[in-house]
Structure formats: structure tokens, C-alpha cells
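J.: Sequence and predicted structure, then a few things I'm wondering about:
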Amino acid sequence: MKLKLAVGAVLRALRSKEGRTQESLLDATSRPYLMGLEHGKSNISLEKLELISTGLGISPLTFLALALSTSRGQSTDDLLAQTQAELDEFLAAGGLDELSTQLKDGELAPRAPGRQLDQQRVTDVLHCKAQGMTQKATAEKLGVSKQAVNRHWHRDQN
């Protein structure tokens, strides 16, 4: 099932369970937008998800878990167990430290424009070149495209 339809179903179910009308959520959003969500015609932004969830007295994460489990035909227990495993893996890999480097003074930390280089790939390509390998052989050895190898091949000459 499409996620938009699941969001609509969850929104309807939560409103119905609480005996709430669409008008009771007008502080969070407009009626046409709410109708679009409930009919699976509109996408929901994170900001609107937070406003609507708060208006319904639940966490945005709860709303999203219900929508994802409905969309996937998966139990909420299974979804939450998978989510916990992914969070544990993220934390064990130092994800919080990496996350903190992405923020500065409550804003996203600035990044240099353009594509971020995989420095290890550049090193591997230049190492193969130094060994006298061709670009084609390098691409095969590293399991990357010939175009990727070509982008880095002349890097040491720049």
C-alpha cells in the first residue's frame, strides 16, 4: 500500500478513536490539506506531521510507526524491533558523534559545494595507476565504473 494512503488511514483512525472532527485540527493545518491527507492525495511534511500528531496528542514517531506498519503490512512490534536494531547499530558505529559534526549552533554545518570525494577510492585508483595497471583493469579490480576511475586517474597531476 502506498504510504500516502496509510497516512490517510492512520489520520482517520486516530481522529475517529478520539472522536475528533477535522475542525479540531485546524490549528495544525487547513481543512483542504487535511482532506487531501485523509484521501491519500497529499504528502505530509515533517513539520505538518509534528503539528498534526501533537494536535492528536501523540508523538510524530507513533504516527509514523502506525503509517509505516500499515503501508508495509507489518506489525508495529516488528517495525519497532527493526527500528531499535538499526538505532543500536547506528549508535555502536559512532553515529551520534558523526551527527554532532553535522550541526553547528543549531544549524546544519556548512559543507564545501560539489560532490564529496571518497578519499579511499582516490587513493586506491592512484595506487593501481602507480602499479602500472590500466584504467579498465583498475575498474575491474576495485569494482567501480571506468568513469569513476577516469575521474580520479589524473588527480595527482592537478
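T.: Thanks, I have the structure now.

J.: so where do the strands sit in this structure?
T.: Here the chain has its strands, by DSSP state E, at 103-104, 107-108.

J.: and among these, the most buried is which?
T.: Ranked by mean neighbour count, the strands of the chain are led by strand 103-104 with a mean of 10 (mean count of other Cβ atoms under 10 Å). Placement of C-beta: from N, CA and C, glycine included.

J.: and the strands of the chain as CSV, adding distance to Leu26 and mean pLDDT?
T.: Below are the strands of the chain laid out as CSV (distance: least, Cβ to Cβ, whole Å; pLDDT from 0 to 100):
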stretch, distance to Leu26, mean pLDDT
strand 103-104, 33, 92
strand 107-108, 31, 92
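
J.: Distance to Glu86 for these - can I get that in a markdown table?
T.: Below are the strands of the chain laid out as a markdown table (distance: least, Cβ to Cβ, whole Å):
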| stretch | distance to Glu86 |
| --- | --- |
| strand 103-104 | 21 |
| strand 107-108 | 22 |
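
J.: Gln116: which of those is closest?
T.: Nearest to Gln116 among the strands of the chain is strand 107-108; the distance by Cβ to Cβ comes to 14.4 Å.

J.: Does anything pack onto the closest one? Which helices or strands?
T.: Strand 107-108 is packed against no helix or strand, with contacts defined by 3 or more Cβ pairs under 8 Å, 6 or more residues apart in numbering; DSSP states H and E.

J.: Report the distance from it to the chain centre.
T.: Distance of strand 107-108 from the chain centroid (Cα atoms, centre = their mean, to the nearest Å) equals 17 Å.

J.: So what are the sheet partners of it and their directions?
T.: Partners of strand 107-108 in the sheet, by DSSP bridges, are strand 103-104 (antiparallel).

J.: Would you map out the domains in the chain?
T.: Following automatic domain parsing, one gets these domains for the chain: 3-73, 77-104, 119-157.

J.: Point out where the chain drops to low pLDDT.
T.: Along the chain, the parts satisfying pLDDT under 70 run over 156-158.
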